[in-house]
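Participant: here are the coordinates; sequence isn't available:
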């Protein structure tokens, strides 16, 4: 039982490049989330999904897009990376009230 | 506008003593609260939760207290162990059905042997 798997684990991008972060969960959870963690800022919600085919904006959605075409996968896209998007990105899923299962994170550096 | 605040960035405690981590919130609609523990280079892991209908929840060495009138919750770890050294986040959600959590900025706990 893998839980929540994020790929890649590390990535360095040049300003203006695009990339997609993949989150996959094998627990049949309805709800999935993308957070970013920055020093002194805690975890901030970027986008989330309450079920297959749905997405919604969180606290800091600008510069990101998401898709949830399959229940088990939640993709986070950066269309034109900026240095301000240098961060650690965490994906999480939950069946409901009992808290999240987090992935191990993706460390992204934009130069 | 920080709805969930952890005002102590760090805390050091001697092994065997009590660790108390604090969290304040501003949104009276929050009805469920969680504490997460995070080690470096890992994702946060769930530690303990509390519903707004309770004022205390215990799980082994961990106890969470909720004071709704003060909009304050705290995590007590007794006795503290070196393996408890980590960053602790509190998080809160409202009853909207989206289960999206607002996280505090975290408190780094160091348990000294």
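Facilitator: On my side now, so go ahead. Quantities reported herein were computed from a predicted structural model and do not represent experimental measurements.

Participant: Only C-alpha atoms from now on, for both contacts and neighbour counts.
Facilitator: Fine.

Participant: how many neighbours does the single nearest residue of chain B relative to chain A have?
Facilitator: As assessed by C-alpha to the nearest C-alpha, chain A sits closest to residue B:105 within chain B, at 3.7 Å. If you count neighbours by other C-alpha atoms under 10 Å in any protein chain shown, residue B:105 ends up with 27.

Participant: Specify the beta-bridge partners of the residue in chain A that chain B sits nearest to.
Facilitator: Proximity of chain A to chain B (C-alpha to the nearest C-alpha) peaks at residue A:42, 3.7 Å away. Beta-bridge pairing for residue A:42 (DSSP bridges): residue A:38.

Participant: give me every residue that touches it.
Facilitator: B:89, B:103-106 (C-alpha atoms under 8 Å, 6 or more residues apart in numbering or on different chains).

Participant: got CSV for those, with pLDDT too?
Facilitator: Listed next are the contacts of residue A:42 as CSV, based on pLDDT from 0 to 100:
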residue, pLDDT
B:89, 97
B:103, 95
B:104, 95
B:105, 94
B:106, 96
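
Participant: now the closest residue to residue B:29 other than its chain neighbours, which residues is it bridged with?
Facilitator: Sequence neighbours aside, residue B:94 is the residue nearest to residue B:29 in space, at 5.4 Å (criterion: C-alpha to C-alpha, 6 or more residues apart in numbering or on different chains). Going by DSSP bridges, residue B:94 is paired in beta bridges with residue B:30.

Participant: Surely residue B:94 and residue B:31 touch.
Facilitator: Yes. The pair residue B:94 and residue B:31 passes the contact test of C-alpha atoms under 8 Å, sitting 5.2 Å apart.

Participant: Now do the residue of chain A closest to chain B against residue A:52, distance only.
Facilitator: 27 Å (C-alpha to C-alpha, to the nearest Å).

Participant: Nothing else from me, thank you.
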